[in-house]
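# Next comes the sequence, and after it the predicted model I'd like to discuss.
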Amino acid sequence: MMPFLLTVGLATTLLNGTGAAADSPVKTTSAIRGSDGVTYTATNHLAKAAKGKGREWLIAWAGPAQQPAPDFLTVIDATPGSATYGKVANTVTVGPNKGNEPHHVQYAWHKGDRIYVGGIMADTTFVFDATALPALKIVGVNTATDTPCGTLPDAYQVLSDGTAYATYMGGPDVTGPCTYTNGEVRVGNGAGGSPGEIVHIGKDGRTLAEIPAATENGENPQQCGNVPALPAASCANPHGIAIREDLNVMVASDFAEARNFMTPDSPLQEDLARQTVRVFDISDRNKPHLTSVSKVADGPRGALETRPFFRESRVVMETALTNLPGHKGAFVSSMAGGAVFYTPDITARAPRWREVFDDTAAYRALNPASRVDGGGDNSSWLAVSPDDRFLFHTVMGQSTPYGQPLDKATTGMMYVLDIQKLLAAGPGTKCSVDRLAEAYQGAFERDCPSLVDTVPIRDTTDGGPHWGAMDNFKRAADGTYRETRSVRRIAVANYFVAGSFGGGGDHRVCMFALDPRGRVTLDRAFRDERTHKPCVSFNRTSWPHGDYGDSQPHGVLFVVSDDVLR
């Protein structure tokens, strides 16, 4: 059953006993009934910072550090030069369910797009209309009952028609066979297990298609461990997702069998750390089919690694595609392995991946005397700039469960690679990190990426910069905005997921400026309205929606008011 939109705009002004308080948030609520019969709500709490003409905003999807309290979308003024730059303009609480564990939003937003956000633990996707920014309206919800063949919604990519593909990293709701929209059947070992799937979600939140990510006959059981074991072993636990509609290609990177991996007391079982990448043909948007499953390989650093779980190929978390016509290259990064891999042609029948950069080299750029390498450094968000000049990468840093002390050497960071020579080499690229010296200094071939800049993001909480977003908008002299291929700002959030090792983070959202050469500096004007320090801290007592205390931001996204976006 399709979600049913209820009455919207139950506008009320908060009162303080005798009348409306001038600085009290203004509340408006929208609601929608899901296919599970539950009415889901989104309540705006528009603060004083929300007043004024159309602006650019930064959305952060966050949850409370202590339960019970509502999860919420935070709308922050991201307009440089604004009197309220960096201030919270609105918090949009979602209900009635709590403890969704707010996770990702889509990687980029374009005019007319809706905003897709996931509650990874609640197995729920919420869809919002953004035409009245800084206010948001809930227009769709996809619940656990809408995706019986998958759990743990992770990442989203919005198509040109406004619908979205989402990776569901975990297995089906219940153990046993599950039938997908196309009639195919796979056997899974239950929620949070394997195999995961891809879900095509409509603008109203309904499921358009559940798409199998697992092969029909299974994969190498020595490489693809499942607990409990499956009759057909599978590494299909898709996390990152990237799409090229012009090539009819979708790419998903496999993470791990999450329920047996994500908690501190989980044994680091090597065969649960995925090394695989899946490519789909999306010519028929509701019937994508798997065309290849390829594997990244260990590199020279891994040969010396005493902990197999932290060799270069382990836990392929993120993927990023090139953008321009004529380029077909793709990148993936490994969270446990701390390495970046590249293939020059993602449309090839059997993509071949080469390591082209090791996080160790970025650590050495920060501190030549450092002993820290990429193994277990929690490398995370990965993105190619729209003009195909740069690759951006955030790294949370090594944390104490990996046996490293929390000192300056283990800092989180963001680094920028110049990838122009690599892409220009096309299918003839020679770049490869295959010697130990290249892991520490950068690959020696002339077409290899060059490290433009590395900026430390210090976080002493066993967390660090996990997710990020590129600002793909440019402001004109008349105050209007247009999309641009030249990225000049990046926002990152320091939080991973509750209950994981090294995932707590210090709950800051930071803004970074990039110059035309790709060099990075912290935007000190984007500062917390209470502490007046750079970065917006989500550790605070009060929010526009109430005194709910510290919160944990994960997905971030740049958006622009509809009335000024051309």
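That came through fine. Numbers count the residues shown, from 1 in each chain.
# Which neighbouring residues are in contact with the nearest residue to Asn220 once chain neighbours are set aside, exactly?
What sits nearest to Asn220 in space, not counting adjacent residues and going by CB to CB, 6 or more residues apart in numbering, is Ala233, at 6.8 Å. The way it works is simple: take the backbone N, C-alpha and C, and place the C-beta from them, glycine included. Counting by CB atoms under 8 Å, 6 or more residues apart in numbering, Ala233 touches Gly218, Glu219, Asn220, Pro221, Cys224, Gly225, Asn226.
# Give me the phi and psi for the residue lying closest to Arg519 once chain neighbours are set aside.
Excluding the flanking residues, the one nearest Arg519 by CB to CB, 6+ apart is Asp453, at 4.6 Å. Asp453 adopts backbone torsions of phi -160, psi 150, taken as degrees, to the nearest 10.
# May I ask you to confirm that Asp453 is in contact with Tyr415?
Yes: if you go by CB atoms under 8 Å, Asp453 and Tyr415 touch, sitting 6.7 Å apart.
# more crowded one of those two?
Tyr415 (26 against 20; other CB atoms under 10 Å).
# Now that the more buried one has come up, it's in contact with Val395, right?
Yes: under the criterion of CB under 8 Å, Tyr415 makes contact with Val395 at 7.4 Å.
# quick one: common contacting residues for those two?
Asp359, Ala362.
# Let me see the backbone angles for the residue nearest to Asn220.
phi -60, psi 140.
# With Cys224 instead?
Backbone dihedrals for Cys224, given as degrees, to the nearest 10, come out at phi -110, psi 80.
# what's the closest non-adjacent residue to it?
Cys235 (3.9 Å).
# tell me the contacts of the one you found?
Contacts of Cys235 by CB under 8 Å, 6+ apart are Ser194, Glu219, Gln223, Cys224, Asp254, Arg274, Gln275, Thr276, Val293.
# Any idea how many residues pack against Phe160?
Quick fix: residue 160 reads Ser, not Phe. Neighbours around Ser160, by other CB under 10 Å: 11.
# Quick check: the closest residue to it other than its chain neighbours vs Val117, distance?
In space, Ser160 comes closest to Glu245 once its chain neighbours are excluded; the distance is 6.0 Å by CB to CB, 6+ apart. According to CB to CB, to the nearest Å, Glu245 and Val117 sit 22 Å apart.
# Could you give the bridge partners of Thr74?
Ala60, Thr91 (DSSP bridges).
# list the contacts for it?
Ile59, Ala60, Trp61, Ala62, Val88, Asn90, Thr91, Val92, Phe538, Pro553.
# Quick check: which ranges of the stretch 1-150 of the chain have low pLDDT?
For the stretch 1-150 of the chain, the stretches with pLDDT under 70 are 1-22.
# Now do the end-to-end distance for stretch 147-163.
End-to-end distance for stretch 147-163, by CA to CA, to the nearest Å: 16 Å.
# Next: stretch 351-362.
26 Å.
# How far away from the center of its chain is stretch 234-242?
Centre-to-centre, stretch 234-242 and its host chain are 13 Å apart (CA atoms, centre = their mean, to the nearest Å).
# Just the buried ones from the contacts of Ala233?
Buried residues within those, counting neighbours by 16 or more other CB atoms under 10 Å: Gly218, Glu219, Cys224, Gly225, Asn226.
# For the first one, which non-adjacent residue is spatially closest?
It refers to Gly218. Ala232 (3.0 Å).
# what secondary structure does the one you found sit in?
Classification of Ala232 using DSSP: H, G, I helix; E, B strand; the rest coil returns coil.
# so what's the residue nearest to Arg519 up against?
Tyr415, Val416, Gly518, Arg519, Val520.
# Now, of these, which are buried?
Tyr415, Val416, Gly518, Val520.
# check which helix or strand covers the first one.
Secondary-structure element containing Tyr415, defined by DSSP states H and E: strand 412-418.
# Next secondary structure after that strand?
Sequence-wise, the next helix or strand downstream of strand 412-418 (DSSP H and E) is helix 420-424.
# ok, back up a step: list the residues that contact the residue nearest to Ser160.
Applying CB under 8 Å, 6+ apart, the residues contacting Glu245 are Leu159, Ser160, Ile282.
# For the first one, give me its contacts.
Leu159 makes contact with Tyr165, Ile243, Glu245, Arg285, according to CB under 8 Å, 6+ apart.
# Next: the last one.
Counting by CB under 8 Å, 6+ apart, Ile282 touches Tyr165, Ile243, Glu245, Asn248, Val249, Met250, Pro288.
# Show me what counts as buried in stretch 278-289.
In stretch 278-289, counting by 16+ other CB under 10 Å, buried: Arg278, Val279, Phe280, Asp281, Ile282, Arg285, Pro288.
# now the helix or strand hosting the second one, how far from the chain's geometric center?
Under the criterion of DSSP H and E, Val279 resides in strand 276-281. Taking the mean C-alpha point of strand 276-281 and that of its whole chain, the gap between them comes to 18 Å (CA atoms, centre = their mean).
# Show me the strands in the stretch 401-550 of the chain, by range?
Counting by DSSP state E, counting those that start in this stretch, the stretch 401-550 of the chain has strands at residues 412-418, 450-457, 467-470, 473-475, 481-483, 489-493, 508-514, 520-522, 536-537.
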